[in-house]
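Novice: Got a predicted structure here, sequence first:
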Amino acid sequence: MTNAPDEPKPAAGTPTGPVLFYTETLLEHFRNPRNVGELAEADTDGFGLVGDPSCGDQMKLWIAVRDGRIAKIAFQSFGCPGAIATSSMLTELAEGKPIEEARRITDDDVIEALGGIPENKKHCSLLGVQALQVALGDWEGRQAAKAARS
Ligand code: FES
């Protein structure tokens with residue numbers, strides 16, 4: 001079946017109903033994940049390690065904070081394509097953001113930026129978001145410890 005010539009076509013990656021398969025944007029992030037790796041200990045201001053007990057996947061995430069913004073971010077994921085792609089997109093959304101904005105990034109923001117994700121893969125996007133929250137909490141703890149020492 002083809003669209004009528006004047007029928008508007010959805011933009012690439014725009015979900016028009018339930019998303020049944022990985023979107024092109026998601027697949028591109030899976031094939032070429034951004035910010036994969038880890039930060040050196042000296043660069044690390046916050047670290048998060050989380051796991052999803054339902055599938056056993058694990059996620060590590062490092063952040064460096066400069067002038068109240070996420071200056072560098074890196075992740076390693078022992079997870080499915082959905083977990084890798086959503087974590088990659090999360091790092092793109094978070095990089096350069098002020099801490100308070102980064103804290104407000106939700107799994108829905110990540111899914112929307114990827115053009116959707118199949119329903120049974122929605123939980124995968126939580127791993128990156130949760131790891132970022134844990135890393136931000138770790139950063140806060142380190143700041144408080146520094147302040148207490150000075
Ligand atoms: Fe576990 Fe995707 S199936 S994170």
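Specialist: All right, it came through fine.
Novice: Can you tell me the closest non-neighbouring residue to residue 99?
Specialist: Distance criterion C-beta to C-beta, 6 or more residues apart in numbering; nearest residue to residue 99, sequence neighbours excluded, is residue 68 at 5.7 Å. (C-beta placed from N, C-alpha, C; glycine too.)
Novice: Could you count how many residues lie near that neighbour?
Specialist: 10 (other C-beta atoms under 10 Å).
Novice: Next: residue 126.
Specialist: Taking other C-beta under 10 Å as the criterion, the count of residues near residue 126 is 17.
Novice: and if you look at residue 95?
Specialist: By other C-beta under 10 Å, 17 other residues sit near residue 95.
Novice: go on, residue 92?
Specialist: Residue neighbour count, defined by other C-beta under 10 Å, stands at 14 for residue 92.
Novice: And the helix or strand harbouring it, how far out from the chain middle?
Specialist: Following DSSP states H and E, one finds residue 92 within helix 81-94. On the basis of C-alpha atoms, centre = their mean, to the nearest Å, helix 81-94 is displaced by 4 Å from the centre of the chain it belongs to.
Novice: What mean pLDDT does the following helix or strand past that helix get?
Specialist: Sequence order places helix 99-103 as the next helix or strand after helix 81-94, per DSSP H and E. Rounded to a whole number, the mean pLDDT of helix 99-103 is 97.
Novice: Which secondary structure elements does the helix holding residue 92 sit against?
Specialist: helix 24-31, strand 57-66, strand 69-78, helix 107-113, helix 124-149 (3 or more C-beta pairs under 8 Å, 6 or more residues apart in numbering; DSSP states H and E).
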